[in-house]
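J.: here is a sequence with its predicted model. Questions after.
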Amino acid sequence: MAKHEMAESRSDFLGDMLSVNLAMNQIVDGRANFLAGLSGIILTIALTQVFTATGWDRIGFSVVSATCFIVAFLSIGVIRPRIRVFNTNNMYYLGILKNSRQKYRDTIRRVLESDSKIIDEYVDEVYDLSKELQIKFRLLRYAADVLAAGLAIGMILIIAPI
């Protein structure tokens, strides 16, 4: 395999890794957006019932309302953009903004002089995205678990006294 073909296959591999992580980021954001919307709708309905219900029904709708508020808050935590202060990769906007235009040009030229520097930039970006995805998926899982538990408890409180 020629040196040019090896470099091209490496860049394809790293580009694919980056694309997969970006796609996963869009998936988790979409799911969090769905949970935020769903919890907002349920919250609106439950809040209207809190003010008209009495007894256990009121407690049940209050639990559902509180649950939906927490889920919406967690979902927004997933969706909101992160500012990565732990790494200012040159492919990421903080790496660009921390330098003047000329200094950024010089930095990119130095990176492009060597395949290993390009690989390092790709690997850093994939690593940072993966760490971010780990946090986002954890928050999304918490939001889904809280929603399921809160709805179950709320429904039990509303239906049980019947």
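T.: Yes, it's here. Numbers count the residues shown, from 1 in each chain.
J.: alpha carbons only for contacts and neighbour counts from here, please
T.: Fine.
J.: now stretch 78-93: mean pLDDT?
T.: Across stretch 78-93, pLDDT averages out at 66.
J.: likewise for stretch 105-119?
T.: For stretch 105-119, mean pLDDT is 79.
J.: do stretch 36-53 as well
T.: 94.
J.: burial measure for residue 106, as a count.
T.: Look at residue 106: counted by other Cα atoms under 10 Å, it has 12 neighbours.
J.: show me what counts as buried in whichever helix or strand it is part of.
T.: Residue 106 is located in helix 101-112, with elements delineated by DSSP states H and E. By 16 or more other Cα atoms under 10 Å, the buried positions in helix 101-112 come out as 104, 108, 111.
J.: just the angle between the helix or strand following that helix and helix 101-112, please?
T.: Downstream of helix 101-112, the next assigned helix or strand under DSSP H and E is helix 115-159. Using axes from the mean of the first three to the mean of the last three Cα atoms, to 10 degrees, one finds that helix 115-159 and helix 101-112 are set 100 degrees apart in direction.
J.: helix 115-159 packs against which elements?
T.: With contacts defined as 3 or more Cα pairs under 8 Å, 6 or more residues apart in numbering; DSSP states H and E, helix 115-159 has these neighbours: helix 3-50, helix 55-79, helix 101-112.
J.: winner for burial among those helices?
T.: Counting by mean count of other Cα atoms under 10 Å, helix 55-79 has the highest mean neighbour count of the helices and strands packed on helix 115-159, with a mean of 22.
J.: relative to helix 3-50, how tilted is it?
T.: Between helix 55-79 and helix 3-50, the angle comes out at 160 degrees (the same axes, to 10 degrees).
J.: give me the contact list for helix 55-79.
T.: Counting by Cα atoms under 8 Å, 6 or more residues apart in numbering, the neighbours of helix 55-79 from elsewhere in the structure are 28-29, 32-33, 35-37, 39-40, 42-43, 46-47, 49-52, 136-137, 139-140, 142-144, 146-147, 150-151, 153-159, 161.
J.: give me that answer again for 6 Å
T.: Among residues not part of helix 55-79, those counted as contacts by Cα atoms under 6 Å, 6 or more residues apart in numbering are 29, 32, 36, 39, 43, 46, 50, 136, 143, 150-151, 154, 157-158.
J.: what do you get for stretch 31-39?
T.: Applying Cα under 6 Å, 6+ apart, the external contacts of stretch 31-39 come out as 68, 72, 75.
J.: can I get these in JSON lines including pLDDT and distance to residue 62?
T.: Written out in JSON lines, the entries for the contacts of stretch 31-39 read as follows (pLDDT from 0 to 100; distance: Cα to Cα, whole Å):
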{"residue": "68", "pLDDT": "96", "distance to residue 62": "10"}
{"residue": "72", "pLDDT": "95", "distance to residue 62": "15"}
{"residue": "75", "pLDDT": "95", "distance to residue 62": "20"}
